[in-house]
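Visitor: coords please:
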Amino acid sequence: MSFFLPKLTTKKDIDEVIKAVAEKVLVLRFGRHDDSVCLQLDEILSKTAHDLSNMASIYIVDVDKAPIYTRYFDISYIPSTVFFFNGQHMKVDYGSPDHTKFVGSFKTKQDFIDLIEVIYRGAMRGKMIVQSPIDPQNIPKYDLLYHGI
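Guide: I've put the predicted structure just below:
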């Protein structure tokens, strides 16, 4: 399903999209096109892209083709989804230590839609961090690699 979503392959492409997308949530899915969990997430993203087109722009980023951003956002697990609004990195409190990205796939399309709506409304009010509307049971659990450093 990822072939329905636009792909960003260079740092320059990513920089331009971050600067160009205005008054919408920019969704960057970091992962690989051949990973099963990435494909599961891509299906959810592609099915909701049209419904969310007034609120969000969704792009796919291959972690191997954008190593600078992969390191910058500490993408150690894929898929990881990062959100921006008007060039500003939006953070979401998922109840985990890392508020910079969503790791894993969303359980349902509605979880993703609800999250985009909350980020959009919060960003329109000037907030840089919002509370996740997703049920904690639907948020994948993982251990931070740098835990205890």
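
Visitor: so residue 82, which of the three states?
Guide: Here residue 82 takes the strand state, with states given by DSSP: H, G, I helix; E, B strand; the rest coil.

Visitor: residues in contact with the helix ranked longest in the chain?
Guide: Using DSSP state H to define each element, the chain has its longest helix at helix 109-124. With Cβ atoms under 8 Å, 6 or more residues apart in numbering as the test, helix 109-124 has contacts from 24-25, 27, 44-45, 47-48, 51-52, 55-56, 83, 85-86, 88, 90, 92, 102, 106, 129-135, 138. (C-beta placed from N, C-alpha, C; glycine too.)

Visitor: quick one: which of those sit in helices?
Guide: 44, 45, 47, 48.

Visitor: Mind giving me the ChimeraX command for buried ones among the residues you listed?
Guide: Buried residues among the ones in helices among the contacts of helix 109-124 (16 or more other Cβ atoms under 10 Å), as a ChimeraX selection:
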select :44,45,48
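
Visitor: would you list the ones in helices among the contacts of helix 109-124 in CSV and tack on pLDDT and distance to residue 113?
Guide: Shown next, in CSV, are the ones in helices among the contacts of helix 109-124 (pLDDT from 0 to 100; distance: Cβ to Cβ, whole Å):
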residue, pLDDT, distance to residue 113
44, 94, 9
45, 95, 11
47, 94, 10
48, 95, 6
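
Visitor: Fine by me, we can end here.
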